[in-house]
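Engineer: show me how the following folds:
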Amino acid sequence: MAPISMAARKSLTEAQALTMNTTPLHTSKQVYDITVLLGGPSSEREVSIKSGTAVAAALERLGHRVYRADISPDNLKALTIPADLVFIALHGTFGEDGQLQQILEERGIRYVGSSAAASRQAMNKVASKEQFIRLGVPTPGYEVVTRENINRIHNGWKLPVVIKPIDQGSSVDTCIVRDAFGFQSALQRVVHKYGSCLIEEYIRGRELTVGILGDLALPVCEIRTPREFYDYTAKYLVDTTEYLFDIDLPAELLEKVQQLSLQAFRAVDGRDFSRVDWMIDQRTLQPFALEVNTIPGFTDHSLLPKAAERVGISFDQLCQRIVEMALRRGQGA
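Structural biologist: Have a look, this model is predicted:
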């Protein structure tokens, strides 16, 4: 087994200290009624089902009474079932963009994860980038394209560039454009589908991600894929993607990325848990924040559970910690 890096060892020490110094809110014998919301109406529905199923199984192993429920804006029956807590495992539109969180807050229902306002801000890549810039978190340069200004957008960008929707997750409809024809075609396609899109500076280099659990930045994970980039297929549909925690980058850089990840998480007012994605410029080793994911995946491919396991927090323990953080808050939060 390869030696653990200094950054990973530091996270391990912090995680152990957190375990020793934090008095559990509830004993292991305390049982709660928890509604796990999964599925949903977004393009990430299938992944949300997998995440929710894994979370529900973990909570049942912990002894909680769990009610699994699909949900959509037109079907909110699950919210009428009495529960101590709602665990949101919906990625993308409705589940991650603040809509569902707003409904829960209005109904006074306690739930895990970031607030409605924070979820909206993190899901909107322009809003989150503005916060990153305001707080000194480096992020790739960008331009917003809408139906109103698309005909005035000329390719003054140095190719390649990244074109992506402003408020989608899991790299849905994201592409790297390498020629002028592809540039115009991608703009037309994404703007037609979503009404707007983002042109983002392409950072050539290595992709890293950092899981956040409470106030702890978990070990940095490097993502390597034989595909052009870490797209939806690489995330969920193939087994060729590698997730590496023993990373041949300077320890000071990895620690800096952890610190900046906490800053990015706080920039969008996140809470409980998250995952922050990064690109590292291959020439300068400058890190650039891509986005904060407020409902990261809980599948067997997912990175937050992998990072937690790296510091000795099992999947079940991870779910329990998230539940306990939410239970410390009042109703409707």
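Engineer: which residue ranges of the protein form helices?
Structural biologist: 6-21, 45-61, 99-106, 116-123, 125-134, 180-194, 232, 251-267, 303-310, 315-327 (DSSP state H).
Engineer: residues in contact with the fifth one?
Structural biologist: Which is helix 125-134. Contact partners of helix 125-134, identified using Cβ atoms under 8 Å, 6 or more residues apart in numbering, comprise 120-122, 137-139, 142, 144, 164, 166-167, 198, 264, 267-268, 289, 291-292. (Glycine included, C-beta is placed from N, CA and C.)
Engineer: the residues you listed, buried ones only, as a ChimeraX selection?
Structural biologist: Buried members of these, defined by 16 or more other Cβ atoms under 10 Å, are picked up in ChimeraX with:
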select :120,121,122,137,139,142,164,166,167,198,264,267,268,289,291,292
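Engineer: surely residue 299 meets residue 47?
Structural biologist: Yes. Using Cβ atoms under 8 Å, residue 299 is in contact with residue 47, at 6.5 Å.
Engineer: these two: who's more crowded?
Structural biologist: Higher neighbour count among residue 299 and residue 47: residue 47, with 26 against 21, using other Cβ atoms under 10 Å.
Engineer: so for the residue nearest the centre of the chain, what's the nearest residue that isn't a sequence neighbour?
Structural biologist: Geometric centre of the chain, nearest residue: residue 293, 2.1 Å, by Cα atoms, centre = their mean. The shortest distance from residue 293 to any non-neighbouring residue, by Cβ to Cβ, 6 or more residues apart in numbering, is to residue 275 (4.5 Å).
Engineer: quick check: that neighbour touching residue 298?
Structural biologist: No. Applying Cβ under 8 Å as the test, residue 275 and residue 298 come out as separate, 10.9 Å apart.
Engineer: those two: which is more packed in?
Structural biologist: When neighbours are counted by other Cβ under 10 Å, residue 275 and residue 298 differ, and residue 298 comes out ahead with 28 against 23.
Engineer: pretty sure the more buried one is touching residue 304, no?
Structural biologist: Yes. Under the criterion of Cβ under 8 Å, residue 298 makes contact with residue 304 at 7.3 Å.
Engineer: okay, and the helix or strand of the chain with the least pLDDT?
Structural biologist: helix 6-21 (a mean of 47; mean pLDDT, DSSP states H and E).
Engineer: for residue 102, give its distance to residue 168.
Structural biologist: Distance, residue 102 to residue 168, by Cβ to Cβ, to the nearest Å: 19 Å.
Engineer: and if you look at residue 254?
Structural biologist: The value you get for residue 254 to residue 168, if Cβ to Cβ is used, is 29 Å.
Engineer: re earlier: what's near enough to touch the residue nearest to the centre of the chain?
Structural biologist: Counting by Cβ under 8 Å, 6+ apart, residue 293 has contacts 96, 122, 169, 274-277.
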